[in-house]
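[1] need the 3D shape of this:
(one chain, ligands or ions: 3)
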Amino acid sequence: MKPDRSFVEAQPPGRRPSAPPGRWPRRLGWRLALGFGLLVGLMLLALSLAVWQIRTVTALTERFATHDMQRLLRVQALSLTTEGAGNALLQLMNAPREQRVPMYGDVDERNRRIDGMVAALQGQLDEPAQEQILLQLSAARATYFDAFIATVDQIEADDPAAAMHAYVQQVKPAMAELLRLSNALVNRERERVEQEVQLAQQRFEELTFAVLLLSALAVVLAGVLALRTTRSVLVPMRQLEDVARRIAAGDYQPPALASSSEEIDRVGQALGAMTGAIAQREQEIERLAFRDPLTGLPNRTYLLKQDDATVVPARSLMLFDLARLKAINETLGFATGDLLIQEVARRAQAVLATLAAADDNVPLPPAPPLLAHVSGGIFALLCCQAGRAPLERLQQRLSQAMAQPVQCSGQGVDLSLTFGLAEAPTDQAAPVVTLLRNAEVALDAAKRAAQGCAWYNSAQEAARLSHLGLLSDLRLALAESQLQMWLQPKFCLQTGRAVGAEALVRWQHPQRGFVSPAEFVPFAEQTGAITGVTDWMLAHALRTLQDWQPRWPGLSISVNVSTRDLQDASFGQRVQSALQHYGVDPTRLRLEIVESGLMHDAQSSIALLHSLRDMGVQLSIDDFGTGYSSLAYLQQLPVSELKIDRSFVTDLADKPASQQLVKTMIEMGHGLGLLVTAEGVETVAERDTLKCLGCDVMQGYLGSRPLFGAALQTWLDTLETTAALA
Ligand code: C2E
Ligand code: CA
Ligand code: CA
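    Ligands and ions are numbered 1, 2, ... in the order given. From the prediction side, this is the model:
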């Protein structure tokens, strides 16, 4: 995961990616409006042109019908009427007098109509040429009229020869001229109408062409518009789709959209903001997943990821555990515990920070060691330097850095660390998970051996592996009496007198020799084989108590009870029948339970403890301070003794902070009405300090090592003597 915030900051809100310059507006909406507006405009133009064309054609047709045709007809009528007037004159000449009178009426009528027609045509003709012809026509009409009158005069004078002469000489040419002119007018008018029609046709064609052109233009424009719009939407859409796919694949680079539209830009910006937010959130998730919130250090998960993440392979790993954290949580509160963890983290970081500057002779590591908070009070330091020396140097520096006690609400608390170290095979890298596991084994071994520090070795591994073989051997051991019960005496701190002993199992393995209970007990607990050991120890302890009854009736024996026994509903029954079998006073038997043993199935375990207590058996909390329960919880338990773990006692005299802690434990124990025993007392100074702090009972090498056989008998005899002297 590569969270990248840079682009979120790099693009201030409102800034838009630059687009290709041009007249084209940047907003898609504007573009669409403009494009479609243009299209609608063109269509409207084409439509109005078509309408105009129709109207023009209609007007032309109307004019042609009402005006031009009428004029043409009128001109044609003029020519016909003129011709008719000439013919009437010829008939007049040949007719007898009595027939001529009505004929004059007809001739006059025709002449009047000719005059009317000429008058009507005047002012109606558009062309000057036609006007000219009309003028000539009027003049010819006058000439014809004069000739007509002259001819009529000769007819009335009954001079047919003169009349004919006048007709031939005057009327005929005048009429011919009149006809010529009227025909010219008709022809001209016909030509004009034809021209008009041709012109109208031409204009109609032109308009049709314009409408077609506009329509074609609109179609082309619509096509271009559709293409451009589609492209300006589809191309960025495809890019957006790619961006979305990239985001889905975890790539949070800012999307680079080659868009020319504002809307797409805005979508791009929103996408940019979204990727930024996702990257930020992912970073936060990563922080939560890989960081320990208390110390801010990388956590175990992060540590285990280092194989894939780092370029420089891991060569060694150190685990260090803040000792007695649980007890500190119990007595001084979780806030103090947290404070100590934070302080360890702070000091460890300070050590790493000064690493390079500290020693010029020491070569710098290829990559700085990685400090992680694994769990509770456990930290890990992953190194990529080969060999033991660098890690051991670091371990020493860390120990030195923790020397100064931490001040918590007015009292100093020691920061004591236990180290487990593991290295990869020579010249090889090892998976972090392996190093971590090995370091855990080493840390475990260091704690068991009560050492400050231990390197992982194959013997520890072999010990682990041999457990499997031990399991079947243990069953045999029980059957063949390879086990021994050793007794470690306990003394009253005030009087120095023995109060009892703790029964500790020993195993003399026929092949492996002595096998430490620290080695096989935890394993036997896991497999359940421990219940056999408990029964065996219980029987031997009760038989010893039976033996002691006459001479040492005041001594009790403590037997260690495992978690497995507490989960066994029949355990109470087992104890009861053993007690009955040996006829021992139950108050002389103590059962030591580890507080963690109660956590699995608290209610039934507590019920079991109550039934034991009801039998009269005394119960002790073993290894107090190393478990997980709270004192408030222990208060509910029917126990009568609190055994403070060895780790609190070691060097107690020199550690004021530990003294404070132990004092609090003792006071709390007394507050609950419990007898307080200190384990692992080795020195006089430790004993005296415990006595000062008000502790009741001590157990440890100073008083006596665990005893067996003759040594035990000797001690018991001394005890009798001492008791007798006392
Ligand atoms: P524990 O119950 O805390 O027993 C005390 C252990 O501390 C014993 O180790 C004892 O030898 C050792 N010890 C006593 N005084 C001193 C001292 O002054 N200094 C030092 N350094 N050590 C001291 P041991 O016998 O090796 O037993 C180890 C653990 O094995 C016991 O711790 C107990 O948890 C378990 N264990 C021993 N016997 C039995 C048993 O019969 N049944 C069960 N369930 N567990 C047992
Ligand atoms: Ca014990
Ligand atoms: Ca113990």
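[2] nearest spatial neighbour of residue 301, skipping sequence neighbours?
    Distances taken as Cβ to Cβ, 6 or more residues apart in numbering place residue 290 nearest to residue 301, at 5.9 Å, with adjacent residues excluded. Where C-beta positions appear, they are placed from N, C-alpha and C, glycine not excepted.
[3] I'd guessed that neighbour sits against residue 303; true?
    No. Contact criterion Cβ atoms under 8 Å: residue 290 and residue 303 do not qualify, at 9.1 Å.
[4] what about the two, which has more around it?
    residue 303 (25 against 17; other Cβ atoms under 10 Å).
[5] sec struct for the closest residue to that one other than its chain neighbours, please.
    Leaving aside its chain neighbours, residue 303 sits nearest to residue 372 (4.3 Å; criterion: Cβ to Cβ, 6+ apart). The local conformation at residue 372, judged by DSSP: H, G, I helix; E, B strand; the rest coil, is strand.
[6] show me the contacts for the residue in the stretch 351-500 of the chain positioned nearest to ligand 2.
    Among the residues of the stretch 351-500 of the chain, residue 488 lies closest to ligand 2, at 9.0 Å counting by Cβ to the ion. Shown in contact with residue 488 (Cβ atoms under 8 Å, 6 or more residues apart in numbering): 501, 502, 504, 699, 704, 705, 706, 707.
[7] any idea how far the last one is from ligand 1?
    Going back to what we said before, that points to residue 707. 11 Å (Cβ to the nearest ligand atom, to the nearest Å).
[8] that residue contacts residue 487, correct?
    Yes. Residue 707 lies in contact with residue 487 (Cβ under 8 Å); the separation is 5.6 Å.
[9] tell me the helix or strand right after the longest helix anywhere in the chain.
    Assignment by DSSP state H gives helix 172-248 as the longest helix of the chain. Counting by DSSP states H and E, the next helix or strand C-terminal to helix 172-248 is helix 262-290.
[10] now the angle from that following helix to helix 172-248?
    Relative orientation of helix 262-290 and helix 172-248, computed by axes from the mean of the first three to the mean of the last three Cα atoms, to 10 degrees: 10 degrees.
[11] show me what from the stretch 601-726 of the chain comes close to ligand 3.
    Taking Cβ under 5 Å from the ion as the contact definition, the stretch 601-726 of the chain meets ligand 3 at 622, 623, 679.
[12] least confident pick among the residues you listed?
    Checking pLDDT across these, the minimum falls on residue 623 at 87.
[13] what about that residue, helix or strand, and which?
    Per DSSP H and E, residue 623 falls inside strand 618-624.
[14] and whatever helix or strand residue 380 lives in, how far out from the chain middle?
    Assigned by DSSP H and E, residue 380 falls within strand 378-383. Relative to the mean C-alpha coordinate of its chain, strand 378-383 is positioned 30 Å out (Cα atoms, centre = their mean, to the nearest Å).
[15] for it, packing partners?
    Packed against strand 378-383, as judged by 3 or more Cβ pairs under 8 Å, 6 or more residues apart in numbering; DSSP states H and E, are the following elements: helix 300-304, strand 316-322, helix 334-353, strand 370-375, helix 388-401, helix 432-448.
[16] so where is the stretch 1-150 of the chain shaky, pLDDT-wise?
    1-24 (pLDDT under 70).
[17] tell me the buried residues in stretch 664-672?
    By neighbour count on 16 or more other Cβ atoms under 10 Å, the buried set for stretch 664-672 is 664, 665, 666, 668, 669.
[18] quick one: low-confidence parts of this structure?
    For the chain, the ranges with pLDDT under 70 are 1-24, 309-312, 356-366, 427, 461-469, 471, 596-602, 627-633, 720-726.
[19] let me see the domain layout of it.
    32-216, 250-290, 300-456, 466-715 (automatic domain parsing).
[20] for residue 384, give its distance to residue 390.
    9 Å (Cβ to Cβ, to the nearest Å).
[21] an error on my part: the question was meant for residue 148.
    Using Cβ to Cβ, we find residue 148 at a distance of 151 Å from residue 390.
[22] residue in the stretch 451-600 of the chain nearest to ligand 3?
    For the stretch 451-600 of the chain, Cβ to the ion, closest residue to ligand 3: residue 592, 7.0 Å.
[23] state the number of residues packed around that residue.
    21.
[24] what residues does the stretch 351-500 of the chain put near ligand 1?
    Within the stretch 351-500 of the chain, the positions near ligand 1 by Cβ under 6 Å from any ligand atom are 450, 488.
[25] what does the stretch 351-500 of the chain have sitting close to ligand 2?
    So far as Cβ under 5 Å from the ion goes, the stretch 351-500 of the chain does not lie against ligand 2 anywhere.
[26] how about the helices in the stretch 451-600 of the chain?
    458-480, 517-527, 530-548, 563-567, 571-582 (DSSP state H, counting those that start in this stretch).
[27] can you list the buried residues in stretch 140-152?
    Residues of stretch 140-152 classed as buried: 140, 141, 143, 144, 145, 147, 148, 150, 151, 152 (neighbour count, 16+ other Cβ under 10 Å).
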